[in-house]
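In: Quick check, what structure comes out for this input:
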Amino acid sequence: MQLPNPERPLLLLDSNVCKDNIKRMVEKCRENSCLLRPHFKTHQSQQIGRWFSEYGVKGITVSTPAMALYFAEDGWNDITIAFPFYRGQINVIKKLQENASLRLFIHNENDLHFINNELEKPIRFYIEIDNGYHRSGISPSCRSEIEAMIDAGDKLRHVHFHGFYMHDGRTYQSRSRKGIIESIESSVEMMKEMKNLYPEANISMGDTPSASVLPSFEYLDECTAGNFVFYDWMQYKIGSCSLDDIALFHLMPVAQAFPNENRAICHGGAVHCSKDYVLDDDGSKNFGQLISLDNQNSVNILDGKLQSLSQEHGMLTVGEKSKNILMNDYVCTIPIHSCLTANLYDHYRTLNGEIIKKRILS
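Out: Okay, the predicted model is just below:
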């Protein structure tokens, strides 16, 4: 296919693959009687959000009240804010309640009383469970704290207990489909135990590796995965997806080539790619995998990668078989982490040239 010759780095979206990814996850959740509340922090686009709506998705997950406002403006009115509540959010939450039903992550009883006194309409809340990953949440062993919050939700007028949420980031450290399944087992058992103790609770989990690989969601009431909409090189390397499932690509202009040294400088640094990387088999860092797209839009892996990044510069290194690509005007890579990379742009360009706008960070 003929790709555009970019003036600056740009994100190239295969909309057909993206829609296939959405459809597949919607169908998987439906088959498992699990409600899909996809995390929109990955794409942050009202137009892509509408693709989810076309497949019957009614509720969404976001990471900030500001992101919730962006999607509420496009008609989404069933929103989870998947970040621990703090009191500086309260004014935006009040504004959101004018048009949306909200679920918040609340981790202490004092905040429940604060919210109850501040709001005029009810919200529902999750208690986030920390399975030992130590990103956020509380330990399931803190039984008295959990029960005090549930009791408060029964008594207070404007806050009501919804369920338990867990994000198991350890699945992203796996290196195979089998490894993903093994790494999620303890979290699944933990959430089953919470369901046994509190049958009224909704059980929600949201990591893309386990959502993509596990054959069944029989333990889940809700799935909040988000990265699956695009996938990326990290997901491919750990076994969450195939190359054909990757929907997002990164075009970067070649600014200076050093063919005798098998390297080039690209316009594409940390402010375009993020600083995420994976380790290749030789232990070296990979900040973006070099590929080509053929006339059928199929992905071909090339012997090359973004080896290092500074703010605007990317150092591309290649093997002998891919050396000729250094003389091109641009190169194409698969992002390491599509969520972070997409967050750095204000639009996507589809393979047929359509511009899809996304949320602009303030």
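
In: For this structure, which helix extends over the most residues?
Out: Secondary structure of the chain per DSSP state H: the longest helix is helix 177-197.

In: just how off-centre is the following helix or strand past that one within its chain?
Out: Following helix 177-197 in sequence order, the next helix or strand is strand 202-205 (DSSP states H and E). Taking CA atoms, centre = their mean, to the nearest Å, the mean C-alpha location of strand 202-205 is offset from the chain mean by 17 Å.

In: which ones are touching the residue nearest to Pro140 when sequence neighbours are not counted?
Out: Sequence neighbours aside, Ile129 is the residue nearest to Pro140 in space, at 5.5 Å (criterion: CB to CB, 6 or more residues apart in numbering). Yep, even glycine has a C-beta here, placed from its N, CA and C like the rest. Contacts for Ile129 were tallied using CB atoms under 8 Å, 6 or more residues apart in numbering; they are 137-140, 164-166, 190-191, 194.

In: Just the ones of the residues you listed in helices?
Out: Using DSSP H, those in helices are 190-191, 194.

In: Please list only the buried members of those residues.
Out: Neighbour counting over these (16 or more other CB atoms under 10 Å) leaves 190-191, 194 as the buried ones.

In: tell me which of the residues you listed is nearest to Tyr86?
Out: Distance ranking of those against Tyr86, using CB to CB, places Met194 first at 24.1 Å.

In: State the distance from the closest residue to that closest one other than its chain neighbours to Gly179.
Out: Spatially, and ignoring its direct neighbours in sequence, Met194 is nearest to Phe164 (5.0 Å; CB to CB, 6+ apart). From Phe164 over to Gly179 the distance is 25 Å, taken as CB to CB, to the nearest Å.

In: So which bits of stretch 148-159 are buried?
Out: So, applying 16+ other CB under 10 Å, buried residues of stretch 148-159: 149-150, 152-153, 156, 159.

In: Which ones among those lie within strands?
Out: In this view, these that belong to strands under DSSP state E are Val159.

In: Please identify which of the buried residues of stretch 148-159 is nearest to Trp76.
Out: For the buried residues of stretch 148-159, the minimum distance to Trp76 (CB to CB) is 21.6 Å, reached by Val159.

In: Return the residues in contact with the closest one.
Out: Going by CB under 8 Å, 6+ apart, the list of residues near Val159 reads 106, 112, 115-116, 119, 122-125, 152-153.

In: between those residues, which is closest to Gly88?
Out: Closest to Gly88, out of all of the contacts of Val159 and judged by CB to CB, is Ile115, at 12.8 Å.

In: Show the low-confidence segments of the chain, by residue range.
Out: Along the chain, the parts satisfying pLDDT under 70 run over 1-2, 362.
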